[in-house]
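Asks: sharing a sequence plus its predicted fold:
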Amino acid sequence: MSAAFSACPPGPSLVLHPDWCAIDWSRPWLESLRAVGAPLAQQLGQGLPVHAVLNSAVPPALQAIGLRFVPQADLPAGMAYEAFIHAQRCVPTRDNLHDFFNGLVWLHWPQLKLQMNRLQAAEIASAGVGARRGPLRDALTVLDENGAVWWAPQPLIDALHARDWQRLMVALRPLWAHSRLLPVGHALLEKLVAPRKPITAHLLCLPTDGTQALPGCADMPALCDAALARQPLLQAAALAAKPFAPLPVLGVPGWWPENTNFSFYDDSLVFRGQRPSNTTITLGPAEVTTA
């Protein structure tokens, strides 16, 4: 889109929550959420609670199991959040951007979120909450908060794993037209309301052959959600190994005007080089929000 727009209508008659006005729905990383999210944010700008607004848009996959959004106060003291969702089919929700974006991911990726919740709840039932999450719950939290899914030709994925930024973003730039990158982490989406160069997503990379036309980003959730939830990478053993690749998302071609100048990728504090080959990469150059 050529012009930015927010969910807030003009005029002095409404008392608007500034958080909802801050969302620029023209941003490319919001393309898959825009059609549903922008009208919902407009309702929030009129003072409605987040859980009620999200309940007005619950998709059939969640209606079928009776899942709904409830006020945060409905979460009993001492009960684990993920265990409560699994047992009660209720998602505790606060009136803030963080939980609004979490709800939007539930609305667009219901099978993915249910799979992550099943794995979290099973781990909690087996081992309790504990002082540390353990490898699987830690990986699930990274994906839930800061993850993105990238369907891409193998040469792009190889360049990302090698952290060969010039090859990934410059030499192979035309190949990006044959890829789709969709954020699924709600803390990532929240941070991108105020974009900064170091913001980094943790990608699950799904190879494509590079020749088959992919759906547009707006259509990907509905078409790919169920299959994504069944992916081997979304099963417990694979996730526990933290199969993520870090990517500073403002480097994605078409996502930020400044990256058309290829010196953008010379910033070694953001676009960091490869670590030793025997080191598992789990974290990138930016913070990960996990609360």
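Replies: Received, thanks. Residues are numbered from 1 along each chain as shown.

Asks: CA only for contacts and neighbour counts going forward, please
Replies: Noted.

Asks: where's residue 189 relative to residue 213, distance?
Replies: To residue 213, residue 189 is 26 Å away according to C-alpha to C-alpha, to the nearest Å.

Asks: and these two? Which one has more around it.
Replies: Set side by side, residue 189 and residue 213 show more neighbours around residue 189, with 26 against 11, by other C-alpha atoms under 10 Å.

Asks: check which helix or strand covers that one.
Replies: Per DSSP states H and E: residue 189 is located in helix 186-191.

Asks: so what does that helix touch, helix or strand wise?
Replies: Contacts defined by 3 or more C-alpha pairs under 8 Å, 6 or more residues apart in numbering; DSSP states H and E place helix 186-191 against helix 97-108, helix 135-146.

Asks: between these, which one is nearest to residue 222?
Replies: helix 97-108 (7.0 Å; C-alpha to C-alpha).

Asks: let me know the average pLDDT across stretch 171-190.
Replies: When pLDDT is averaged along stretch 171-190, the result is 97.

Asks: just give me the neighbour total for the closest residue to residue 211 other than its chain neighbours.
Replies: Leaving aside its sequence neighbours, residue 211 sits nearest to residue 178 (C-alpha to C-alpha, 6 or more residues apart in numbering; 7.5 Å). Counted with other C-alpha under 10 Å, the neighbours of residue 178 add up to 17.

Asks: just to check, residue 178 is in contact with residue 152?
Replies: Yes - Residue 178 lies in contact with residue 152 (C-alpha atoms under 8 Å); the separation is 6.6 Å.

Asks: need the residues touching each of these two.
Replies: Taking C-alpha atoms under 8 Å, 6 or more residues apart in numbering as the criterion, residue 178 and residue 152 both touch residue 210.

Asks: where do the helices sit along the stretch 51-200 of the chain?
Replies: Residue ranges of the helices in the stretch 51-200 of the chain, as given by DSSP state H, counting those that start in this stretch, are 60-63, 81-88, 97-108, 110-127, 135-146, 154-161, 165-166, 186-191.

Asks: list the buried residues in the second one.
Replies: Which is helix 81-88. Neighbour counts over helix 81-88 (16 or more other C-alpha atoms under 10 Å) mark 81, 82, 83, 84, 85, 86 as buried.

Asks: other SSEs contacting the least confident helix or strand in the chain by mean pLDDT?
Replies: Lowest by mean pLDDT, DSSP states H and E among the helices and strands of the chain is helix 18-21, with a mean of 76. Packed against helix 18-21 by the contact rule (3+ C-alpha pairs under 8 Å, 6+ apart) you find helix 34-45.

Asks: using CSV, write down the CA coordinates of the helix it packs on.
Replies: Taking C-alpha atoms only, helix 34-45 is exported to CSV below (Å, rounded to 0.1, in the frame of the first residue of the first chain):
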residue,chain,number,x,y,z
ARG,A,34,-5.0,-6.9,8.1
ALA,A,35,-8.5,-7.8,6.8
VAL,A,36,-9.6,-9.1,10.2
GLY,A,37,-7.3,-7.1,12.5
ALA,A,38,-7.9,-3.5,11.3
PRO,A,39,-11.7,-3.6,11.8
LEU,A,40,-11.2,-5.3,15.2
ALA,A,41,-8.7,-2.6,16.3
GLN,A,42,-11.3,0.0,15.3
GLN,A,43,-13.8,-1.5,17.7
LEU,A,44,-11.1,-1.5,20.4
GLY,A,45,-10.5,2.2,19.7
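
Asks: go through that helix and flag the buried ones.
Replies: Neighbour-count burial for helix 34-45 flags 34, 37, 38, 40, 41, 42, 43, 44, 45 (criterion: 16+ other C-alpha under 10 Å).
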